[in-house]
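Peer 1: pasting a predicted model and its sequence here:
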Amino acid sequence: MPELPEVERAARALSRAALGKTIASVKAIHPALKRKLSPARSRAVKGKRIDRIERRGKHQLLHLDNGDTLVVHFRMNGDWEIGTTDDGLDRFARAAIDLTDGTRVSLVDRRALSSITLDRKGASSLPKLGREASDLALDADYLAQVLGRRKVAIKPALMDQSVIAGLGNIYAAEALWEAELDPRAPSASLAKEKLEKLVAAIRLVLSPKKRRPGRYTDTRGTSRFAVYDREGKICRRCNGTIERIVQAGRSTYFCPDCQRP
């Protein structure tokens, strides 16, 4: 699933292609998207200018000049394909935004789980979102506050978007390894010094130092991961063996030898 860095990169690509331009049409192609973006709502955005593009957590917000907002979520593997209205649609295109200058931005998604919705002026369909994982205001005091009463393990807690917006399965596992924290540790049990290490680790794994530039669907550079998808391999820090467990229905990879509660 695309997480904060990948969605941020996609939002920037969208901005380069569409910011300041006028919408000729928005078409939901897949039936699942048609249920979220009705023909009437698609018609409502025709002729509107895209004034601002914002990322909030894993959501992309296209703010229109009349105060309405198109809200896009890639879900598991959606992505933008930038082309022209003369191009044929990708076989996995689930929606298309045509602009009056001839640019076409297609939402491509092999699994058809992504979504586009229209929020009318003054309304918001966004779920409750916590502090951004990239926000410099994210600190140990904030984590202590939002995790203080949570009995759930720290790994699922980090993936809760109401706790930290934008962090997902991959980078949560990587941050816990960098911080030498057991993903099974109860959230409320972590002392402030451990939370400080965790904040530093989150910043590190989201930084360009740890991320290969490119689309999130690019499989090159996956060797940068310390634990994610490395079950049975040797830990690069302590020579232990990486294990996989399931937490909240998702795979968690960690080293039980050097990641301690």
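Peer 2: On my side now, so go ahead.
Peer 1: what about the helices in the stretch 1-150 of the chain?
Peer 2: 4-18, 31-36, 39-44, 140-147 (DSSP state H, counting those that start in this stretch).
Peer 1: also the stretch 151-261 of the chain?
Peer 2: Counting by DSSP H, counting those that start in this stretch, the helices of the stretch 151-261 of the chain are 154-159, 169-178, 192-206.
Peer 1: so which of these gets nearest Arg55?
Peer 2: Evaluated with C-beta to C-beta, the helices of the stretch 151-261 of the chain place helix 192-206 nearest to Arg55, the distance being 13.0 Å. For every residue, glycine as well, the C-beta is placed using N, CA and C.
Peer 1: what residues does that closest one touch?
Peer 2: Helix 192-206 has contacts (C-beta atoms under 8 Å, 6 or more residues apart in numbering) with 4-5, 133-134, 138-141, 143-144, 147, 154, 164, 167, 171, 174-181, 190, 210-211.
Peer 1: again, only this time at 7 Å
Peer 2: 4-5, 133-134, 138-140, 143-144, 167, 171, 174-175, 178-179, 181, 210 (C-beta atoms under 7 Å, 6 or more residues apart in numbering).
Peer 1: weed out the non-buried ones from these.
Peer 2: 4-5, 133-134, 138, 140, 143-144, 167, 171, 174-175, 178-179, 181, 210 (16 or more other C-beta atoms under 10 Å).
Peer 1: closest to Lys46 out of these?
Peer 2: Taking the buried ones among the contacts of helix 192-206 together and measuring to Lys46 by C-beta to C-beta, the closest member is Leu4, at 31.6 Å.
Peer 1: show me what contacts that closest one?
Peer 2: 133-134, 166-167, 206.
Peer 1: show me the domain layout of the protein.
Peer 2: In the domain annotation for the chain, the residue ranges read 4-119, 131-254 (automatic domain parsing).
Peer 1: could I get the contacts of Leu4 as TSV with distance to Ile53?
Peer 2: Formatted as TSV, these follow (distance: C-beta to C-beta, whole Å):
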residue	distance to Ile53
Ala133	19
Ser134	16
Gly166	16
Leu167	21
Leu206	20
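Peer 1: show me what counts as buried in stretch 110-130.
Peer 2: Result for stretch 110-130 [16+ other C-beta under 10 Å]: buried residues 112-119, 126, 129-130.
Peer 1: can you name the two of the residues you listed that sit furthest apart?
Peer 2: Across these (C-beta to C-beta), the longest gap, 28.1 Å, separates Ala112 and Gly130.
Peer 1: tell me the pLDDT of the nearest residue to Lys155 once chain neighbours are set aside.
Peer 2: Nearest in space to Lys155, with sequence neighbours left out and distances taken as C-beta to C-beta, 6 or more residues apart in numbering, is Pro183 at 3.6 Å. Note for Pro183: predicted pLDDT of 98.
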